[in-house]
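Enquirer: Sharing a sequence plus its predicted fold:
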Amino acid sequence: VGMNGRGGITRGYRAGIFVNVVLICLLGLAAAIGAVALVRRLSWRHDLRFDVTRDARYELDPLVKNLLRGLDGPLEILFAWGYDREIQNRVLDGQGLPRSDLLEAFYDPILREASVRVLQVLHEWSRTTGHVSYRSFRVDDNPQRLADTARELGRPPEDLVNQVIMTRSGRRRAVPLRRMMQDMEWGYFPASPGPLRQEPRLPGAWRVHDELTATLRALLIHEPEPVHVLQSKEGVLEAGTPDWHRLRSLLEPEGYELVPFDPARSAPLEPRRGVLLIPAIRRRLEDRELAQLRAYDESGGRILAYVDPRHPETLPRLFERYGLEIRDGWLEDRSLRHPARRGAEDLQSARLCQGLHPIDSPLRGRVEIFAGPCRPLRVGRDAAPGALRVTLLAVTEAARTIPIAFEPGGFSVRTDPAAVAPTPPDDRAIAVALERPVAGAAGRSRAVVFGGASFLAPEELERATFFGNRDLLLNSLAWVTERQSHIGLLPRGEVSMRIVSLPRVERPAFWFSVVLLPGAATLIAILLAIGRRS
Amino acid sequence: MRRFLILSGHELRSLLGSPVTWVIIGLAWFLFGLRYTGSILPGATHAEAAATDLLHVTWLSSLHAVYLMILFVPLLTMRLLAEEKRTGTFEMLVTAPVRDHEIVLAKFCGAVAATALTWAVVPLNAVVIRLFGGDPDFGCVLASYGTLLGIGSLFCASGLFASALTPHQLLAGFIALVLIMVLLFAPGLAEHLPTSWITLRGVLAAGDLLRQAEEAARGLVDLVNITYQAAATGFFLLVTVRVVEARKWA
């Protein structure tokens, strides 16, 4: 059958084979598309992504676990999601009604993906502690449930859609789903076809974990702690300046309130409330001001101080009862600077953290700290009985100190590179945590002193996905204000990456991957060719 | 199964016993090594933020590997079936007591093994970094290698299909190159499809191979990505089997 007279197959039979091949290929294509579509559909409901990183960076971080495990009462979370009015307004037809085909085609997949991501985090939270319970439903499928929930919470139903609402002990905090979708293009479909139409696109980055954690932290903080910022008229953190607002926007969600503090005009600080922040003040404090600060410290004060080699603030006698001496000098350490930076004085490394204290132990080896220019801090032997001094950050034995001198009456600094000397072991600290008992007062005085102003630079604090400066500041504030459960490492963003210093492996990597491996392959090829010829 | 194993072993020996294969592998290693060391030398080619970031290096490595595969997989696969046809051994092969799918699968396995050997350089480099005091996250590295294998398998299957279409090696290589480019860049067309084709748009968007490589290098293994690679590879193998079968009759 199908054979022609010349012993070949007939044209009809040939066409039959072709049709058969095409049909099977089309079926195969349909099966392949179907398999991918099915798994993709499943991934909307179940998380089908697996975290294989060593430190489980996409899992819950220690900070959230600390917060959740510290819960002493129920935390109820509600997540109602679906087409809210804002989304519906983007797809209205000529009669002002939302077009269901556009909603299903464009907004349904986005909302499903967002809901899976939120529910995954909430599920992890509920697994961490029995105090967390969450409810979630789709409002389009459950309008009656939405109405009941709105009545229960005393809010209009539309206020609940696409929000994660957390309730604990009568306090309530909500985070909109939109805030978790960074660089999201929501699109727009005009009633009549035209060039104005713009399709929505998925967010450039998801901030689900970050936003939920920030909301949880805000909910668990009962009253904002005031951070009194010492004003000096020439300092870097004066009230009302752009840097002030940048720092305020960073600290407010964490439960801290920036308050300007002028020793000459402001009321004396309450010892057991808030914290005094001494930024790079760029002038010598007057005796009267120093006396006021000392009195605050003596009464159980909490101080966060930044001193800088470029500024003459030595804060004399303020920390002497802790046995801390702020030395004049400018540190340089070639082993702790970034390879791409020219100046050896700009310290930046993941190895700065010593990991001996709750403030820096979560950061050690995990993130880089940008320290910039630093002056040495000496932890001396003469301290008040019971004083604890722990070095947070330190340079290495390779460090050298450049002597500095200040112009009389100003703050211009002169350095003498010719007189550079190795840094003595006692002078290698650049950040120290201090604590001592206070006579006649309950509790203890606490202080954290940093040997550089760049630790507090807003541009470094805002680069939180890369540097750990923000974590260092928040952990220091949490420690001095005795909010131990808030110490940790904030969730890194999706772009966050583990920082590993590689200078030692550059040469071996080059020889191995550029010379050794290709050379071995070439050698094998030559041997095979010779073998074949012989 | 025994026939398939014999055929695969023969194919692998034939591939690894060929000086041409080793020249190709050596060239791939050399070019990859240049790009790789360019990634880790501080300040050499990338922003300072990326210079000492090992995960970033893993990510760049896998992207370099995918780009190099565009060139090297067609070189490996173009002669798999085309050469058999050119030298006249194809008829002998198809009339031997083996099934068509066994022939195709054996050729495919040989090519995948060569690809796996070529890109073993990714975990090997991580081992070297570990030996010299670096701290790579082997979860990310292995996920990256696994994804490269998945993408490489897909490219090999498309190259094998191209090789089955023609007896001319160069033409087969060119077709494979075009197919691989389509596989790499077609997902970008998803947003230009009609909005009513929701499923196809979704499947195309899921097939963004560069995004898959990036996700794996970050340490995320996504079942959707694995399904896409397996389904697309299976489709090309199925088509190749059908083409070989049709050629036998035509």
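Expert: That came through, no problem.
Enquirer: give me the low-pLDDT residue ranges for the stretch 151-300 of chain A?
Expert: In the predicted model of the stretch 151-300 of chain A, residues A:194-196, A:222-223, A:233-236, A:253 satisfy pLDDT under 70.
Enquirer: Could you report the neighbour count for whichever residue of it sits closest to chain B?
Expert: Of all residues in the stretch 151-300 of chain A, residue A:199 sits closest to chain B, with a separation of 6.6 Å (C-beta to the nearest C-beta). Yep, even glycine has a C-beta here, placed from its N, CA and C like the rest. Applying other C-beta atoms under 10 Å in any protein chain shown, we find 14 residues neighbouring residue A:199.
Enquirer: Residue A:286 too?
Expert: A count of nearby residues for residue A:286, using other C-beta under 10 Å, gives 11.
Enquirer: After the strand ranked longest in chain A, which helix or strand is next?
Expert: Secondary structure of chain A per DSSP state E: the longest strand is strand A:429-437. Following strand A:429-437 in sequence order, the next helix or strand is strand A:444-450 (DSSP states H and E).
Enquirer: and the angle for that following strand with strand A:429-437?
Expert: Angle of strand A:444-450 versus strand A:429-437, following axes from the mean of the first three to the mean of the last three C-alpha atoms, to 10 degrees, is 170 degrees.
Enquirer: contact partners of strand A:444-450?
Expert: Under the contact criterion C-beta atoms under 8 Å, 6 or more residues apart in numbering or on different chains, strand A:444-450 has outside partners A:297-298, A:300-307, A:319, A:322, A:324, A:326, A:359, A:377, A:392-393, A:430-438, A:456, A:476, A:479-480, A:482.
Enquirer: Could you identify the buried members of those residues?
Expert: Of all the contacts of strand A:444-450 considered here, the ones buried according to neighbour count by 16 or more other C-beta atoms under 10 Å in any protein chain shown are A:297-298, A:300-307, A:319, A:322, A:324, A:326, A:359, A:377, A:392-393, A:430-436, A:438, A:456, A:476, A:479-480.
Enquirer: Mark which of the residues you listed are part of strands, please.
Expert: Among the buried ones among the contacts of strand A:444-450, the members found in strands (DSSP E) are A:302-306, A:324, A:326, A:377, A:392-393, A:430-436.
Enquirer: ok, and the closest non-adjacent residue to the residue most central in space within chain B?
Expert: Nearest to the centroid of the C-alpha atoms of chain B, with distances taken as C-alpha atoms, centre = their mean, sits residue B:152, at 1.5 Å. Nearest residue to residue B:152, sequence neighbours excluded (C-beta to C-beta, 6 or more residues apart in numbering or on different chains): residue B:115, at 3.9 Å.
Enquirer: Doesn't the one you found belong to a strand?
Expert: No - residue state for residue B:115 (DSSP: H, G, I helix; E, B strand; the rest coil) corresponds to helix; a strand is not indicated.
Enquirer: Please report how far it lies from chain A.
Expert: Note on residue B:115: its distance to chain A, by C-beta to the nearest C-beta, to the nearest Å, is 14 Å.
Enquirer: Does that residue touch residue B:150 like I think?
Expert: No - shown here, residue B:115 and residue B:150 do not form a contact pair, counting by C-beta atoms under 8 Å, at 10.5 Å.
Enquirer: Give the helix, strand or coil label for residue A:76.
Expert: strand.
Enquirer: I'd like to know how many residues surround it.
Expert: Neighbour count of residue A:76, defined by other C-beta under 10 Å: 14.
Enquirer: for it, what are its contacts?
Expert: Contact criterion C-beta under 8 Å, 6+ apart gives A:133, A:134, A:135, A:166, A:167, A:168 as the residues in contact with residue A:76.
Enquirer: Could you rank those residues by neighbour count and give me the top one?
Expert: Comparing the contacts of residue A:76 by number of neighbours (other C-beta under 10 Å), residue A:166 comes first, having 25 neighbours.
Enquirer: Quickly list what that residue is bridged to.
Expert: Bridge pairing for residue A:166 (DSSP bridges) gives the partners residue A:77, residue A:173.
Enquirer: Go through chain A and flag its longest helix.
Expert: Taking DSSP state H as the criterion, chain A has its longest helix at helix A:11-45.
Enquirer: Say whether chain A is contacted by whichever strand or helix holds residue B:180.
Expert: When secondary structure is defined using DSSP H and E, the element that contains residue B:180 is helix B:169-185. No - using C-beta under 8 Å from any C-beta of the partner chain, helix B:169-185 stays clear of chain A, with a minimum separation of 12.4 Å.
Enquirer: Could you pull out the helices in the chain for me?
Expert: Since no chain was named, I'll use chain A. For chain A, helices defined by DSSP H occupy the ranges A:11-45, A:62-69, A:85-88, A:100-102, A:108-128, A:143-153, A:208-220, A:242-251, A:287-298, A:458-462, A:469-480, A:506-510, A:517-533.
Enquirer: meant chain B actually
Expert: With helices called from DSSP H, chain B shows them at B:2-16, B:19-40, B:48-51, B:54-77, B:82-87, B:89-95, B:100-119, B:121-131, B:138-165, B:169-185, B:198-206, B:209-218, B:223-249.
Enquirer: State the pLDDT value of the residue nearest to residue A:39 when sequence neighbours are not counted.
Expert: The shortest distance from residue A:39 to any residue other than its chain neighbours is 4.2 Å, reached at residue B:227 (C-beta to C-beta, 6+ apart). Per-residue pLDDT puts residue B:227 at 93.
Enquirer: got a list of what residue B:227 touches?
Expert: Residues near residue B:227 by C-beta under 8 Å, 6+ apart: A:35, A:36, A:39, A:40.
Enquirer: most neighbours, which of the residues you listed?
Expert: Neighbour count (other C-beta under 10 Å) singles out residue A:36 as the most crowded of the contacts of residue B:227, with 24 neighbours.
Enquirer: Model confidence for it, exactly?
Expert: According to the per-residue confidence, residue A:36 scores 89 in pLDDT.
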